[in-house]
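In: Could you look at this predicted model? Sequence included:
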Amino acid sequence: MTAEYKVHDGVAVITLNNPPVNGLGYATRKAIVSGIEQANADDTVSAIVITGAGKAFSGGADITEFGKDIAFREPNLHGVIEIVENSPKPVVAAMHSVVMGGGLELALACHYRVVAAGTKVALPEVKLGLLPGAGGTQRLPRVIGVEAALNMIVSGETVDAQLLASLPGQKLFDEVVDDPASLADEALAFARSVARVTDLPRVRDLPAKHPQGEAFFQFARNTAGAVAKNLPAPIKCVDAVEAATTLPFAQGLARERELFIQLMGTPESRALRHFFFAERAASKIDDVPPDTPQREIRKVGIIGAGTMGGGIAMNFLNAGFPVVILETKQEALERGVGVIRKNYEDRIKKGKLKQEKYEQTIALLSTTLDYQDLQDVDLVIEAVFEDIGVKEQVFRKLDEVVKPGAILASNTSTLDLNRIASFTQRPQDVVGMHFFSPANVMKLLEVVRGAQTAKDVLATVMALAKKIRKVAVVAGVTDGFIGNRMIEQYARQAGFLLDEGATPQQVDKAIENFGFAMGPFRMGDLAGNDIGWAIRKRRAVEQPDLRYSRTADLLCEKGRFGQKTGAGWYDYAPGKRDPIVSQEVLDMIEQHRKDAGITPRRISDEEIVQRLVFSLVNEGARIVEEGFAQRASDIDVVYIYGYGFPFWRGGPMHYANEVGLFSVIEAMKRFARNPLDDAAFWQPASLLRQLAAEGKQFQ
């Protein structure tokens, strides 16, 4: 049973019980309707209360039904709402904890609403590229006002019930219960107090008007269009709310439905819905059951107080973990702690952190120059220079000092984790925790699973990622793991495009217009072009047949490492990050073409985007087929959270599905015929060929 029915002294109580958030799935919808009908047929019942068991009133639609016919099977949510609204006996919503999406729309159909203090309320459908589709855009403006409702619907953000209750003239809540523990009793008492009301209030009968009318909604459209220029849903939300103010209720409801169906079919909504599920799937490891015991993490050690080490430390400090940072020199420690303090102080100045909270947080931080001070940590993360020899020294020392059962993690971005684990007597305790820079901001965490990494270590790290507000994706041990292995092919293509006739600014502009946060050359300047140079030198020894454009090496030979040197693919004014087209770089590229005997050609933006994005797709498919990623959707999560891929396109693998895998392969065949490109690379991955042949898609 996903909803329970009980009668308490003349009041029928329907309790939604569909964990974790009482999603309004088919069985729950049926049970609500059954409960309403049973209560109305019982002469001893004078009022009805709808509430939710556990930690939510209702979080809305049941996500397990997304995209399936069962989501629309009768009684659908519209049908449930109509039955609740037209009940001849008063229906009271007893709202607590979480009231979101369809859960709020259900509550708005009730005649009265009692809410517990601290309840979080939202209509978050816009985050899936949709709008509230069960009357939310028509009813919410009638109870909290047009502007407040529009802000909630367009942003999708959660709002505290007390804030909503303080709005002038609000009719959303009839009563606010200060003590959530007494909500049930208060709701029953309220239901008895309205039991004899015959002319029941309905939200649909309230007026919805805005004094500036058309001008206000045009301003709202302009604002939504500027803030979310690649997303159609926010503007459609404005259209739906405007309909609530200009049309009779039934027509407004029909207009909302029409707009909802339009949005369901957009590629942006498909991408956002895909990503919603991809993010949740990423936390699941096929052979590590959810009930796998976890190791207790009470204290964390960080090796290295540089940019990465300091950023990693902040994640754990913010989550309330005591942290000890180890460095080899006192000056390095002081410099690193100074940066951490400055980051927090900047947040205080911006009003994002209170002084008292900062003092509590920084009190959790200690520093040391002595490995012996790491004896009692439960997790230690190494964030030292990306060199296997340096890593070996660190892990051999940790193996000597750190207590048995502690997790030893490396923040390496490309090096062989199995080799790192071999430097210890406990390879089962070694795992990769690859944070992305700046580590205290970027949400992605690649969790690298070594050949001998224990399952309880993986379970612990995945759970820990949530505590420090990271989205974790499991990667196998392959050079560059998921993200950096793919970005190398992307960078190779960017270099070939320069050889063939493009400029750095043309390549960057084309991919940024596609939606990337930053093009490959601006990204190189930000990260430091010397990092890629070091990797190419290693490749020259390990994979001498792997070809690159010479332009990146020529750039580094000039000392143009990027923003940190004031010159890279672009020039930079002192103290500024704005890229300035560099004539020296353009001359260098032109001379390189002459030396290589290449006649430049005009390259279209479409070709630039396809070569860059499809290089990610092909390498991503190889990573999945080789077992270094569990699923294609994990790659989408990595690229959206770690590499600035446009979230409204759903990630490279989902984007390939949208283009059509057959069309992707045809483009690859075209690129393979280009004598200046890498024909071997453009042979489609086996998985890609197989899926296209079977008419299937990446999952």
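Out: The structure has been received and is ready for your questions. Numbers count the residues shown, from 1 in each chain.

In: now the stretch 301-450 of the chain, which segments are flagged as low pLDDT?
Out: Across the stretch 301-450 of the chain, nothing is flagged by pLDDT under 70.

In: Recalculate using a threshold of 90.
Out: Across the stretch 301-450 of the chain, the ranges flagged by pLDDT under 90 are 307, 385-387, 413-414, 437-438.

In: any chance you could map the strands in it?
Out: 323-326, 365-368, 379-382, 407-410, 430-435, 444-448 (DSSP state E, counting those that start in this stretch).

In: I'd like to know which elements the next helix or strand after the last one is packed against.
Out: Going back to what we said before, that points to strand 444-448. Reading on from strand 444-448 to the C-terminus, the next helix or strand found by DSSP states H and E is helix 455-467. Using 3 or more Cβ pairs under 8 Å, 6 or more residues apart in numbering; DSSP states H and E, the elements in contact with helix 455-467 are strand 407-410, strand 430-435, strand 444-448, strand 471-475. Glycine gets a C-beta too; all of them are placed from N, C-alpha and C.

In: now do 6 Å
Out: The criterion is 3 or more Cβ pairs under 6 Å, 6 or more residues apart in numbering; DSSP states H and E, and there are no helices or strands that helix 455-467 contacts.

In: how far is that helix from where the chain is centred?
Out: Remark: helix 455-467 is offset 18 Å from the chain centroid, using Cα atoms, centre = their mean, to the nearest Å.

In: hmm, who's touching that helix?
Out: 285, 288, 292-295, 297, 319, 407, 431, 445, 447, 472 (Cβ atoms under 6 Å, 6 or more residues apart in numbering).

In: circling back to that earlier point, switch the strands of the stretch 301-450 of the chain over to a markdown table; also include mean neighbour count and distance to residue 17.
Out: Shown next, in a markdown table, are the strands of the stretch 301-450 of the chain (neighbours: other Cβ atoms under 10 Å; distance: least, Cβ to Cβ, whole Å):
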| stretch | mean neighbour count | distance to residue 17 |
| --- | --- | --- |
| strand 323-326 | 23 | 41 |
| strand 365-368 | 16 | 44 |
| strand 379-382 | 25 | 37 |
| strand 407-410 | 27 | 37 |
| strand 430-435 | 25 | 38 |
| strand 444-448 | 26 | 34 |
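
In: can I get these in TSV with distance to residue 47?
Out: Compiled in TSV, these are given as follows (distance: least, Cβ to Cβ, whole Å):
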stretch	distance to residue 47
strand 323-326	54
strand 365-368	56
strand 379-382	54
strand 407-410	55
strand 430-435	54
strand 444-448	50
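
In: now residue 85: how far from residue 91?
Out: Here the criterion is Cβ to Cβ, to the nearest Å. By it, residue 85 lies 8 Å from residue 91.

In: Ok, residue 472 next?
Out: Using Cβ to Cβ, residue 472 is found at 42 Å from residue 91.

In: More neighbours: those two, which one.
Out: Relative neighbour count places residue 91 above the other of residue 472 and residue 91, with 28 against 23, counting by other Cβ atoms under 10 Å.

In: what sits opposite that one in the beta ladder?
Out: Beta-bridge partners of residue 91, counted by DSSP bridges, are residue 48.

In: thought it was touching residue 48?
Out: Yes. The pair residue 91 / residue 48 is scored as a contact, 4.7 Å apart, by Cβ atoms under 6 Å.

In: quick one: residue 108 is in a strand?
Out: No. Counting by DSSP: H, G, I helix; E, B strand; the rest coil, residue 108 falls outside a strand, being helix.

In: Skip the chain neighbours and tell me the closest residue to it.
Out: Closest residue to residue 108 apart from its sequence neighbours, by Cβ to Cβ, 6 or more residues apart in numbering: residue 139 at 4.1 Å.

In: In which helix or strand does that neighbour reside?
Out: Counting by DSSP H and E, residue 139 is part of helix 136-144.

In: Quick one: list the elements packing against that helix.
Out: Using 3+ Cβ pairs under 6 Å, 6+ apart, helix 136-144 is in contact with helix 233-246, helix 249-264.

In: outside of it, which residues touch it?
Out: Contact partners of helix 136-144, identified using Cβ under 6 Å, 6+ apart, comprise 105, 108, 123, 149, 164, 167, 170-172, 203, 206, 208, 240-241, 244, 252-253, 256.

In: how about a cut-off of 8 Å?
Out: Helix 136-144 has contacts (Cβ atoms under 8 Å, 6 or more residues apart in numbering) with 101, 104-105, 108-109, 123, 125, 131-132, 149-150, 152-153, 164, 167, 170-172, 203-204, 206-208, 237, 240-241, 243-245, 249, 252-253, 256.

In: Run a quick neighbour tally on the closest residue in space to residue 304 that isn't next to it in sequence.
Out: Distance criterion Cβ to Cβ, 6+ apart; nearest residue to residue 304, sequence neighbours excluded, is residue 383 at 4.1 Å. For residue 383, the count of nearby residues is 26 (other Cβ under 10 Å).

In: and if you look at residue 291?
Out: Counted with other Cβ under 10 Å, residue 291 comes out at 7.

In: Please apply the same query to residue 127.
Out: By the criterion of other Cβ under 10 Å, residue 127 has 17 neighbours.

In: For the closest residue to it other than its chain neighbours, give me its contacts.
Out: When the adjacent residues along the chain are set aside, residue 127 lies closest to residue 156, with 4.5 Å between them (Cβ to Cβ, 6+ apart). Neighbouring residues of residue 156 by Cβ under 8 Å, 6+ apart: 122, 123, 124, 125, 126, 127.

In: repeat for residue 600
Out: Applying Cβ under 8 Å, 6+ apart to residue 600 gives the contacts 500, 501, 590, 593.

In: Can you flag which of the residues you listed belong to helices?
Out: Of the contacts of residue 600, the ones assigned to helices by DSSP state H are 500, 590, 593.
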